[in-house]
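Asker: below is the sequence, then the predicted model.
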Amino acid sequence: MKERVLEDSGINERKVVGKVQDTIKNDFEFTLKSTCLDENYHPASQTRLTTNFANLARGANRQQNLRNALNMINNRFNALAHVDNPTGDRYLIELEIMTVTMSIDDKNGTNDLPMIEVLKTNILDRKTGKQIDGVAGNNFSSYVRDYDFSVVLTDYNKDKPSFTVPEDFGDLHGKLYKCFVNSATYREHFKMSPIICLSVSSSKTYTRTEYQHPVLGFEYVQDAYSLTDEYFAKMGLKVRFFMPPNSVAPMAFYHSGDLLADYTDLGLISSISTMETFQKIYRPEIYNANSAAGEIFKPSLKHEDYSLTRVEYDREERSRLAVEQGKYAEEHFIKPYQSVLEEWSANFAL
């Protein structure tokens, strides 16, 4: 494996994998690129601009935005990892944006297409000097997901009296995701399967159980599955809901395997501190509320008793860009390679 540093607008990017043929029989190859997410981060040309970190990294206050968000992550991590940490600064979280590009062959040759981006957490123990693996996944972004939610659902429901979902909704995306996480590329660079951490749904009600995990906190259960739950299930992911200590609302943890046994406490804390920070910025009505969720919790973006962070975030732009990027995926990926994708999807099996 060769590594080289790519210079892109002053950003150091490390291309950690060349084109590696997946061991599963298919026509796709994956390239994985790592970009450091720090106060000097600038979104690369292939980054989906709807991602939380890309939204923070634009505008006149971009550097202060990033600095404030990273400070929030580190402070929250040290508050949760308080054992033998009396000054609350033992650990430092370093974040990597992992960009996955897929190479696809057709009659016109090979084309490299942006597929997904996730965040990888790395933990520096300042006391021992050791680097500790965190968790991959966390923030999850995908062009095909934008296409499904912003283009497919809109077109499918255009003239229908009530909202419905196509039977095959999310099938292609789920198979592409499974193909990547089961590929040689993924196994070579990640020890554990991803955890994707999202906000709870404002259309569901959550009830607190008696189970309390030492790191994840109290577990909640929902009254019904959401469309996102069903979409992620096609990716091979199940969901559990936990409200970590001193949080004000539960979060959704999408995972495969055993969420409670497969990860270290510090790994779980790295995921909590990173994604809770993004949720406080992006959905302060729920995650920066001035009162904590009770035994029965109904999230609402219309809740008015909350505090704002010192981080600027443009939610309207995010929604608009999701539609634009969904159409981009349709134009550059779905339509040009429709026959290739349909044939691959029909024959794909793990």
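Answerer: Yep, it's here. On a predicted model such as this, the values are computed, not experimentally measured, just so you know.

Asker: contacts and neighbour counts: CA atoms only from here.
Answerer: Noted.

Asker: now do stretch 233-249, average pLDDT.
Answerer: The average pLDDT for stretch 233-249 rounds to 98.

Asker: off-centre distance for it?
Answerer: 13 Å (C-alpha atoms, centre = their mean, to the nearest Å).

Asker: give me the buried positions along that stretch.
Answerer: Neighbour counts using 16 or more other C-alpha atoms under 10 Å place 233-244, 247-249 of stretch 233-249 among the buried residues.

Asker: in whichever strand or helix holds residue 210, what counts as buried?
Answerer: Using DSSP states H and E, residue 210 maps to strand 206-213. Neighbour counts using 16+ other C-alpha under 10 Å place 206-208, 212 of strand 206-213 among the buried residues.

Asker: what residues does that strand touch?
Answerer: Under the contact criterion C-alpha atoms under 8 Å, 6 or more residues apart in numbering, strand 206-213 has outside partners 218-223, 294-298.

Asker: contacts for the next helix or strand after that strand next, please.
Answerer: Downstream of strand 206-213, the next assigned helix or strand under DSSP H and E is strand 217-222. By C-alpha under 8 Å, 6+ apart, the residues outside strand 217-222 that reach it are 204-213, 240-245, 250.

Asker: could you look up the SS state of the closest residue to residue 330 other than its chain neighbours?
Answerer: Leaving aside its chain neighbours, residue 330 sits nearest to residue 147 (6.4 Å; criterion: C-alpha to C-alpha, 6 or more residues apart in numbering). For residue 147, the assignment made with DSSP: H, G, I helix; E, B strand; the rest coil gives helix.

Asker: please tell me how far residue 147 sits from residue 328.
Answerer: Distance from residue 147 to residue 328, counting by C-alpha to C-alpha, to the nearest Å: 8 Å.

Asker: ok, of the buried residues of strand 206-213, which one's closest to residue 120?
Answerer: Among the buried residues of strand 206-213, residue 212 lies closest to residue 120 (C-alpha to C-alpha), at 26.0 Å.

Asker: report pLDDT for the residue nearest to residue 90 when sequence neighbours are not counted.
Answerer: Distances taken as C-alpha to C-alpha, 6+ apart put residue 126 closest to residue 90, at 5.4 Å, once the chain neighbours are dropped. Looking at residue 126, its pLDDT stands at 97.

Asker: and residue 130, by the same measure?
Answerer: Looking at residue 130, the pLDDT reads 97.

Asker: which non-adjacent residue is nearest it?
Answerer: The shortest distance from residue 130 to any non-neighbouring residue, by C-alpha to C-alpha, 6+ apart, is to residue 124 (6.0 Å).

Asker: from the chain's centre, how far out does the helix or strand that contains residue 232 sit?
Answerer: Using DSSP H and E, residue 232 maps to helix 227-233. Relative to the chain's own centre, helix 227-233 is displaced by 14 Å; criterion: C-alpha atoms, centre = their mean.

Asker: now do it: which elements does it pack against?
Answerer: Helices and strands touching helix 227-233, by 3 or more C-alpha pairs under 8 Å, 6 or more residues apart in numbering; DSSP states H and E, are helix 171-181, strand 238-243.

Asker: return the member of the buried residues of stretch 233-249 nearest to residue 256.
Answerer: residue 237 (5.0 Å).

Asker: phi, psi of that closest one?
Answerer: Backbone torsions for residue 237, taken as degrees, to the nearest 10, come to phi -110, psi 140.
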